[in-house]
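In: I'll drop the sequence and a predicted model, then ask my questions.
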Amino acid sequence: MNLKHAQYIMTILQEGSITAAAKKLFISQPSLSQVVKLAETNLGAPVFNRSTDPISLTPAGEKYVEAAKQILAIQQNLEREIEEIRTEEHGKIRFGIPVQRGMQLLPLALPPFFEKYPHVDIEILEQGSSRMEDLVLNGSVDLACMTTVARREELSYHLLESEELVLLAAGTTDLAKRIPSGTPISITEAGHERFISNKPGHNVRTIQDSLFIASGIHPKILLETGSIEVEKKVCLACGAVMLCSRSYLDDIRASGCQASIYPVLNSATERHCYICHKKELYLTKYMRDFIGILLSCVKREQEVQDSKPGTVSAV
C-alpha cells in the first residue's frame with residue numbers, strides 16, 4: 001500500500017467528495033481522481049461507490065481503509081518515536097475540546113505546559129463532545145476532552161472530573177419563590193417553567209430530554225442555543241430555568257444575582273469528563289505531561305472551589 005495514496009483516500013472519505021478533498025489537499029481534482037484510479041488498479045477492485053452523496057466505500061474499500069488506518073498509525077507512531085529519541089522539546093499536539101470546556105481548562109493548563117515545553121505547538125479543534133470520539137478515531141486529533149461514557153474499546157480514557165448537573169432558576173420564577181436554593185428537587189418541580197436549552201446533540205440536552213420523558217413532563221423550550229454563556233444570560237433575563245453543570249455557575253454564585261440552584265434528584269444527572277486518545281497511539285513525553293497537567297489543574301481548581309463558602313440564595 002502506497003502511504004501517500006492511503007492518506008489521500010482517507011481525506012476523501014473524511015471530506016465526503018473528491019472535490020472537497022482536492023481543495024483540502026491543495027491539488028487538482030483530476031490529479032486526485034488519478035491517484036484513486038491508481039490505488040484501485042493496485043487493489044484490483046473499486047474503493048469508492050461514486051453514486052452516493054457523500055461518497056461511500058465499497059466492501060473492498062472498507063477493507064482498504066481498515067488496513068490504511070493501521071498502516072498510517074504505525075507510520076505516525078514511528079515518526080513520534082524517532083522524534084522523541086531525537087528531541088523531546090519540539091513537536092505538536094492536536095487537541096480537540098468543546099468551546100465551553102476550553103474556556104474553563106485552557107487558561108489553567110497552557111501556562112505551565114508552555115513554560116515546560118516552549119517549542120511544542122498546541123493546535124486546538126473546537127467541537128462538541130458528541131463528535132470528539134470520532135475525531136480521535138479517524139486521526140483528526142491526537143487527544144480530546146469530552147463528556148461521554150467510556151465505551152469505545154479502541155480508546156483510552158483518563159477521568160478528568162465528574163460533574164453534577166443542576167437546575168439554575170431565575171429569581172422571578174415560581175420555582176425560586178417556592179423552594180429555597182440548594183434544595184435537592186425532582187425535575188417535575190420545574191415542569192411548568194420555561195426552559196433555556198442546549199441544541200439537540202449536546203450531552204446536557206440528551207440528559208434533559210431523557211429526564212422530561214421519564215418524568216412525564218413537557219416544559220416549554222423558550223430558546224435553544226449552543227452557548228452556555230448565552231443560556232445563562234437569557235435564563236436570568238427571561239425568568240426561565242436551565243439544566244447545566246454546577247461548575248459552569250461559579251460566576252453566578254460570585255455575582256450575588258437573584259437566582260437559585262437546585263441539585264436534581266436523579267442519578268442520570270452525573271456526567272463524566274475524560275481526556276481520550278487511541279490505545280494504539282504512541283504518546284510522546286510532552287503528550288503524557290500535557291495529560292498530567294490537565295488532570296492536576298482540574299484537581300487544584302476543584303479544591304479551590306470546594307473551599308469557597310456560600311451558594312446562590314433564592315429570591
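Out: Nice, I can see it.
In: show me the helices in the stretch 151-300 of the chain, by range?
Out: With DSSP state H, counting those that start in this stretch as the criterion, the stretch 151-300 of the chain has helices at 174-178, 203-215, 228-237, 250-255, 285-306.
In: elements contacting the last one?
Out: With contacts taken as 3 or more CB pairs under 8 Å, 6 or more residues apart in numbering; DSSP states H and E, helix 285-306 sits against strand 91-96, helix 99-116, strand 143-147, strand 155-170, strand 270-278. Yep, even glycine has a C-beta here, placed from its N, CA and C like the rest.
In: also the third one?
Out: Taking 3+ CB pairs under 8 Å, 6+ apart as the contact definition, the neighbouring helices and strands of helix 228-237 are strand 155-170, strand 194-198, strand 220-225, strand 241-245, helix 250-255.
In: of these, which stretch is the most buried?
Out: Per-residue neighbour counts averaged over each of the helices and strands packed on helix 228-237 give the maximum for strand 241-245, namely a mean of 25 (mean count of other CB atoms under 10 Å).
In: quick one on the thing from earlier: so for G61, which of the helices and strands packed on helix 228-237 sits nearest?
Out: strand 155-170 (24.1 Å; CB to CB).
In: partner strands of the closest one, parallel or antiparallel?
Out: Paired strands of strand 155-170, with direction, are strand 241-245 (antiparallel), strand 259-263 (antiparallel), strand 270-278 (antiparallel) (DSSP bridges).
In: turn the helices and strands packed on helix 285-306 into a markdown table, columns for mean pLDDT.
Out: Shown next, in a markdown table, are the helices and strands packed on helix 285-306 (pLDDT from 0 to 100):
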| stretch | mean pLDDT |
| --- | --- |
| strand 91-96 | 92 |
| helix 99-116 | 92 |
| strand 143-147 | 91 |
| strand 155-170 | 90 |
| strand 270-278 | 87 |
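In: quick one on the thing from earlier: which of the helices and strands packed on helix 228-237 sits closest to H277?
Out: Between H277 and the helices and strands packed on helix 228-237, the tightest spacing by CB to CB is seen for strand 155-170, at 5.7 Å.
In: for the helices and strands packed on helix 285-306, which one ends up most surrounded?
Out: strand 143-147 (a mean of 24).
In: any chance you could list what contacts that strand?
Out: Strand 143-147 has contacts (CB atoms under 8 Å, 6 or more residues apart in numbering) with 93-98, 101-102, 105, 129, 132-133, 135-136, 160, 163, 203, 271-277, 287, 290-291, 294.
In: neighbouring strands - and their directions - for that strand?
Out: Partner strands and pairing direction for strand 143-147 (DSSP bridges) are strand 91-96 (parallel), strand 270-278 (antiparallel).
In: now the angle between helix 203-215 and the longest one, please.
Out: Right, strand 270-278. Strand 270-278 and helix 203-215 are oriented at 140 degrees to each other (axes from the mean of the first three to the mean of the last three CA atoms, to 10 degrees).
In: so strand 270-278 versus helix 99-116, what angle?
Out: Going by the same axes, to 10 degrees, strand 270-278 makes 50 degrees with helix 99-116.
In: isn't R271 right next to L160, touching?
Out: No: counting by CB atoms under 8 Å, L160 is not a contact partner of R271; they are 10.9 Å apart.
In: can you say which of the strands paired with strand 155-170 is nearest to A67?
Out: Distance to A67, taken as CB to CB, is lowest for strand 270-278 among those, at 16.1 Å.
In: what about the stretch 151-300 of the chain, any weak spots by pLDDT?
Out: Along the stretch 151-300 of the chain, the model assigns pLDDT under 70 to residues 253-256, 267-270.
In: by contact count, what packs against the helix ranked longest in the chain?
Out: If each helix of the chain is counted by residues according to DSSP state H, the longest one is helix 59-86. Judged by 3+ CB pairs under 8 Å, 6+ apart, the packing partners of helix 59-86 are helix 3-15, helix 29-43.
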